[in-house]
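>>> Need coordinates for the below:
(2 chains)
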Amino acid sequence: MNQEPVLMVVDLRKKYGATEILKGVSLELKKGETKVIIGPSGTGKSTLLLCINRLVEPDSGKVFLEGEEITSKNAHRMRQKIGFVFQDFNLFNHLTALDNVRIGLIKVQKLPKDEATQIALEQLRKVGLADKAHLYPSQLSGGQKQRVAIARALAMRPKLILFDEPTSALDPELIGEVLSVMIDLAKSGMTMLVVTHELGFARSVADEIVFMENGVIVEQGPPSEIFTNPKVERTRQFLRRLTELYGEERR
Amino acid sequence: MILIVESLPILLKGTLVTIQLTLAGLALGLVIAIPVSFFQVYGARVPRLVCSIYEKTFRSIPLLVLLMLIFYGLAEVGVRLDPFVACVLGLGLRSSAYQSQIFRGAILSVGKGQTVAALSIGMTRFQTFRYIVFPQALRFSIAPWTNELTVVLKDSSMAYALGVVELLRQGSYIIARTYEPMVIFLLCAAIYLALTLFANRILAFVEKKLRIAGFETREVVH
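Reported below is the predicted structural model:
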């Protein structure tokens, strides 16, 4: 079966001033695939995600979503099909959890309010927060905020969700609840591109691990290969450091 | 006592003009300030520069000088304005400069993450401003805007200089007849005080109505 990839990134490059953040990154995601990007901080992982849906304008390179190229012109239409989950949640502070999830449905997709509310409540239920629908972000814990953010992304029925270190801003005891939502999501067949340091998550659900450093992909492959027998010495070093820091089995 | 009772209706008539001047000046200021602040934050280089020059100019000219220029200066080149209109124009132009800074600050204090998140769900720039940034900025701006309201209210007394019969001028008419400056000016001061307190009350109420649980727009709770 020759399936067209959901996401195709071709030779993406980005400079900030004189510093080259992305030096030609290419990757592909098939439908239902979960790819995890790991790598030291400052190596362009976040920039890569931001460039994919044009929240940051890349200098060159192409991005295709289901075969259609994303350009600065169609970005706002294409972004509706790409969920984005941020490190620091970025929930809309002046809206309740429910409104956070349904505002995109009402204002962007122009759904009737009743229908939008139904979808939003359903998504909040999925992330286990139906009972918090009427609370404001500041009344929620970090883990709850991130789950609302995931529900907000899901409500738009995206083809793909980008996660930018979704658990890095959380207290250790809150990480689990977010990861378990993400694991369910991956298992349900959502296409996901995840930047994270959570090796346990990577090991259990990733179809492929991408190791990035200094704006390039150093190595990629299935977790079994990357974790047990990386080809590049630098990958091995990085994984050892990460394991020391975070512990391998913690989820 | 009789003096107070007799003066009060006349002073209140002037108060009405004072209120009209204040509201019209604030409204004009608001209408100009919103686009000025918008361009200062989101505009390209040229509109940003133009708005910045506008704002700095009108913040730097004393109101009395501005009023003289508008009323006497413009008359010399053939633009004869009604004193009331000239005052509204002066108050409005100056207030717009200050109000634009209030709104600019408020827009900037809405975190960038809010904009990025709104764009990420497919909102256009305009929708992002309308539904995400503006409602939050509005809440940040109420407290400083209340302050601006009281400034315009008090400075509307400079309309006296152009002969607009507002509160202060009504007062001075009474004094011309009764030679009781202390009582009458105190009465005028008391009316300004009452108006200011009243305006504060109303806006504090609005602020409370718009308040969001846990989303503090003031550092200290009063």
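>>> Could you identify the helix or strand that succeeds the longest helix seen in chain A?
The residue-count maximum for a helix in chain A (DSSP state H) belongs to helix A:172-187. Next in sequence after helix A:172-187, counting helices and strands by DSSP states H and E, comes strand A:192-195.
>>> Nearest residue to the middle of chain B?
For chain B, the residue nearest the mean C-alpha position is B:L26 (3.8 Å; C-alpha atoms, centre = their mean).
>>> And it, its phi and psi?
B:L26 adopts backbone torsions of phi -60, psi -40, taken as degrees, to the nearest 10.
>>> Near the closest residue to it other than its chain neighbours, how many other residues are there?
Residue nearest to B:L26 in three dimensions, not counting chain neighbours: B:V152, with 5.4 Å by C-beta to C-beta, 6 or more residues apart in numbering or on different chains. Where you see a C-beta, it was placed from the backbone N, CA and C, and this is true even at glycine. B:V152 has 23 neighbours, counted by other C-beta atoms under 10 Å in any protein chain shown.
>>> for B:V152, helix, strand, or coil?
helix (DSSP: H, G, I helix; E, B strand; the rest coil).
>>> what sits against it?
B:T22, B:G25, B:L26, B:G29, B:L91, B:S95 (C-beta atoms under 8 Å, 6 or more residues apart in numbering or on different chains).
>>> Redo those residues as a markdown table? Include distance to A:K145 and pLDDT.
Below are the contacts of B:V152 laid out as a markdown table (distance: C-beta to C-beta, whole Å; pLDDT from 0 to 100):
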| residue | distance to A:K145 | pLDDT |
| --- | --- | --- |
| B:T22 | 43 | 97 |
| B:G25 | 43 | 97 |
| B:L26 | 38 | 96 |
| B:G29 | 38 | 96 |
| B:L91 | 45 | 97 |
| B:S95 | 39 | 97 |
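>>> Now tabulate these in CSV and tack on distance to B:L66 and secondary structure.
Formatted as CSV, the contacts of B:V152 follow (distance: C-beta to C-beta, whole Å; DSSP: H, G, I helix; E, B strand; the rest coil):
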residue, distance to B:L66, secondary structure
B:T22, 16, helix
B:G25, 12, helix
B:L26, 16, helix
B:G29, 13, helix
B:L91, 9, helix
B:S95, 11, helix
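>>> quick one: which two of these are the most distant?
Longest distance between any two of these is 10.4 Å, between B:T22 and B:G29; criterion C-beta to C-beta.
>>> Need the phi and psi values for the residue nearest to B:T57 when sequence neighbours are not counted.
Closest residue to B:T57 in three dimensions, ignoring its sequence neighbours and counting by C-beta to C-beta, 6+ apart: B:A97, at 7.6 Å. Recorded main-chain torsions at B:A97 are phi -60, psi -40, according to degrees, to the nearest 10.
>>> next one: B:A27
According to degrees, to the nearest 10, B:A27 has phi -60, psi -50.
>>> A:L160 and A:L193 touch, don't they?
Yes: taking C-beta atoms under 8 Å as the definition, A:L160 is a contact partner of A:L193 at 6.9 Å.
>>> Pull up the overlap in contacts between the two.
A:L7, A:L29.
>>> Run through the stretch 51-200 of chain A and note the low-pLDDT ranges.
In the predicted model, the stretch 51-200 of chain A carries no residue with pLDDT under 70.
>>> Just the pLDDT at the residue nearest to B:L26, thanks.
As predicted, B:V152 sits at a pLDDT of 96.
>>> With the flanking residues excluded, which residue is spatially nearest to A:K62?
Leaving out its chain neighbours, the residue that sits closest to A:K62 by C-beta to C-beta, 6+ apart is A:V10, at 4.5 Å.
>>> which bits of chain B sit near chain A?
B:111, B:113-114, B:116-124, B:127, B:131-132, B:135-136, B:139, B:212-215 (C-beta under 8 Å from any C-beta of the partner chain).
>>> Tell me the residues of chain A that contact chain B?
Counting by C-beta under 8 Å from any C-beta, the residues of chain A near chain B are A:53, A:55, A:76-77, A:79-80, A:82-84, A:86, A:88, A:90-94, A:103-104, A:107-109, A:135-139, A:152-153, A:156.
>>> can you tell me which of these are in strands?
Of the residues of chain A next to chain B, the ones assigned to strands by DSSP state E are A:I82, A:G83, A:F84.
>>> Let me know how buried the first one is, in neighbour terms.
Neighbour count for A:I82, taken as other C-beta under 10 Å: 29.
>>> The residue lying closest to B:I191 once chain neighbours are set aside sits in which helix or strand?
Spatial nearest neighbour of B:I191, chain neighbours left out: B:T15 (5.6 Å); criterion: C-beta to C-beta, 6+ apart. Using DSSP H and E, B:T15 sits in helix B:2-42.
>>> And for A:L27?
Assigned by DSSP H and E, A:L27 falls in strand A:19-29.
>>> Equivalent analysis for A:A149, please.
Going by DSSP H and E, A:A149 is in helix A:142-155.
>>> Just the helices from chain B, written as ranges.
B:2-42, B:45-60, B:63-68, B:74-76, B:83-108, B:112-120, B:125-127, B:134-155, B:167-178, B:181-210.
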